[in-house]
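Have a look at this prediction, sequence included:
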Amino acid sequence: MTSMTDESVETPAGNESSDNNNSRFQALANLELTPKKIKRRELMHFSRQMAVFIKAGIPIIDALETISSEVKNKFFKQVLDEAIASLHGGSTFAGAFEAHAKAFPPYYMGILRSAELTGQLDYALDQLAEYVDRDLEARRKIVSALTYPMIVAAMAVVVVVILVAFVLPRFKHFFSDLGAKLPLPTRMLLSFTDFTQNYWWIFAILAVMLIGLGLWLTQSDRGRLVRDRVVLRTPALGDVVQTAVLERFCRILSSMTSSGVPLTEALDVTAQATSNVVYRNGIAQAREAMMRGEGLAGPLGQTGLFPSAARQMLRVGEDTGTMDEQLGTAAEYFARDLDYKIKRFTSLFEPAVILFVGIVVGFVAIALVSAMYGIFHQVHP
């Protein structure tokens, strides 16, 4: 009987290998290449609702259950349900969301942890909702400002591709059958058509190289650094990006310091939340200098990334002990400045795109019309 039992539980080596392979494949299938994120709009509504519930004296678990019952996003609902279970198990509010910390912006969890310790959770959630709302508004302004010129540019590209691929080759045969002498713009246009048809592989290689360059600029550390340096040095665009980064830096740091987060930890979280690698490295260097006792305003000024207005506000806050207030004032200043610079940038970008499209389409039209006009005069002198 014992031998039969032993035989029944024995697993052949081949089956063990198969099970291991299956588990590996299952692990790869479950691997998420990009971690899920909670949408900013949903995060804003959640923060605002939680702040209202806490101010009203409603228990946190009851508030989370109410919000979870109304959330439509399955992933966010899963996060809330798991947080509720953790709270029932004795976890803190911030600790309940630690399992999904990557789903939140880096600064979000840092503010929650410190606010819970200082008893300012409702105030911190209100501040977070306000910041996320401002961030969404800035994104909306940029997207709405660039939508029209980008649509115009995309339509121009589509028109040019259709002309080069389908229309102009037929005109070429038509002109050659007539044996007409073509004007220079038409000859240039037809030569470009011949080049694209005979050497299309060059454009394919260029497209692959551009895709590879784009991946390097967005996926590698060195590429992101090069990209952000170039963006900051680009006329008009660099000014907009710099102001946006400064507004984000002041807003996040103000929210964290006013919520009781230690300045060293707040700087670390703010640096990680900064999208521009150049500024991220500069803030990290300033944090190291501050930990050596050099203060904050001086090291930030030495990076060369902060304008005199920002340095002055930070120095005043450092000297008077009102850093959070000065950072809030600076954030408001840069927010207004950002609105102005976005409008100025779009006022320059939109006419430039339309002018470029007009030149391309106009050249094609002139080339075709002048050819038809020349042929007409050759046939009917």
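Thanks, I have the structure now.

switch to C-alpha atoms for all contacts and neighbour counts from now on
Noted.

Now do Asp221: how many residues are near it, please.
Applying other Cα atoms under 10 Å, we find 12 residues neighbouring Asp221.

With the one 3 residues further on instead?
Taking other Cα under 10 Å as the criterion, the count of residues near Arg224 is 20.

so it touches Thr218, yeah?
Yes. Between Arg224 and Thr218 a contact is recorded at 5.5 Å, counting by Cα atoms under 8 Å.

what secondary structure does the residue nearest in space to the middle of the chain sit in?
In the chain, the centroid-proximal residue (Cα atoms, centre = their mean) is Ser275; its distance is 7.5 Å. Recorded secondary structure, Ser275: coil (DSSP: H, G, I helix; E, B strand; the rest coil).

so what's it closest to, chain neighbours aside?
Val245 (7.6 Å; Cα to Cα, 6 or more residues apart in numbering).

per-residue confidence at the one you found?
On pLDDT, Val245 comes in at 88.

Could I get the contacting residues of it?
For Val245, the contact set (Cα atoms under 8 Å, 6 or more residues apart in numbering) comprises Thr274, Ser275, Asn276, Tyr279.

Just read off the phi/psi values of the third one.
Geometry field for Asn276 lists phi and psi as phi -90, psi 120, criterion degrees, to the nearest 10.

Kindly report the same for the first one.
Note on Thr274: backbone dihedrals following degrees, to the nearest 10 are phi -80, psi 130.

What about the closest residue to it other than its chain neighbours, how many residues nearby?
Using Cα to Cα, 6+ apart and skipping residues adjacent in sequence, the residue nearest Thr274 is Arg280, 5.9 Å away. Neighbours of Arg280 under the rule other Cα under 10 Å: 21.

ok, now which ones touch Arg280?
Counting by Cα under 8 Å, 6+ apart, Arg280 touches Ala271, Gln272, Thr274.

residue ranges with poor pLDDT in this protein?
1-35, 177-180, 376-381 (pLDDT under 70).

Longest helix of it, counting residues only.
Ranked by residue count and defined by DSSP state H, the top helix of the chain is helix 323-379.

name the helices or strands packed onto that helix?
helix 121-162, helix 184-198, helix 237-258, helix 308-320 (3 or more Cα pairs under 8 Å, 6 or more residues apart in numbering; DSSP states H and E).

tell me the angle of the one helix or strand the residue nearest to Thr274 maps to relative to helix 237-258?
Arg280 is located in helix 277-289, with elements delineated by DSSP states H and E. On the basis of axes from the mean of the first three to the mean of the last three Cα atoms, to 10 degrees, helix 277-289 is oriented at 40 degrees to helix 237-258.

mind giving me the domain split of the chain?
Following automatic domain parsing, the chain resolves into domains at 40-104, 130-381.

And for the closest residue to Val231 other than its chain neighbours, the neighbour number?
In space, and not counting its chain neighbours, Val231 is closest to Gly238: 5.4 Å by Cα to Cα, 6+ apart. Gly238: 16 surrounding residues under other Cα under 10 Å.

Report the separation between Gly238 and Phe356.
Gly238 sits 22 Å away from Phe356, going by Cα to Cα, to the nearest Å.

The helix or strand Ser114 falls within packs against which elements?
Ser114 belongs to helix 106-118 when assigned by DSSP H and E. If contacts are counted by 3+ Cα pairs under 8 Å, 6+ apart, helix 106-118 sits against helix 93-96, helix 121-162, helix 237-258, helix 263-273.

With distance to Met209 as extra columns, can I get the helices and strands packed on helix 323-379 in a markdown table?
Below are the helices and strands packed on helix 323-379 laid out as a markdown table (distance: least, Cα to Cα, whole Å):
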| stretch | distance to Met209 |
| --- | --- |
| helix 121-162 | 19 |
| helix 184-198 | 17 |
| helix 237-258 | 24 |
| helix 308-320 | 40 |
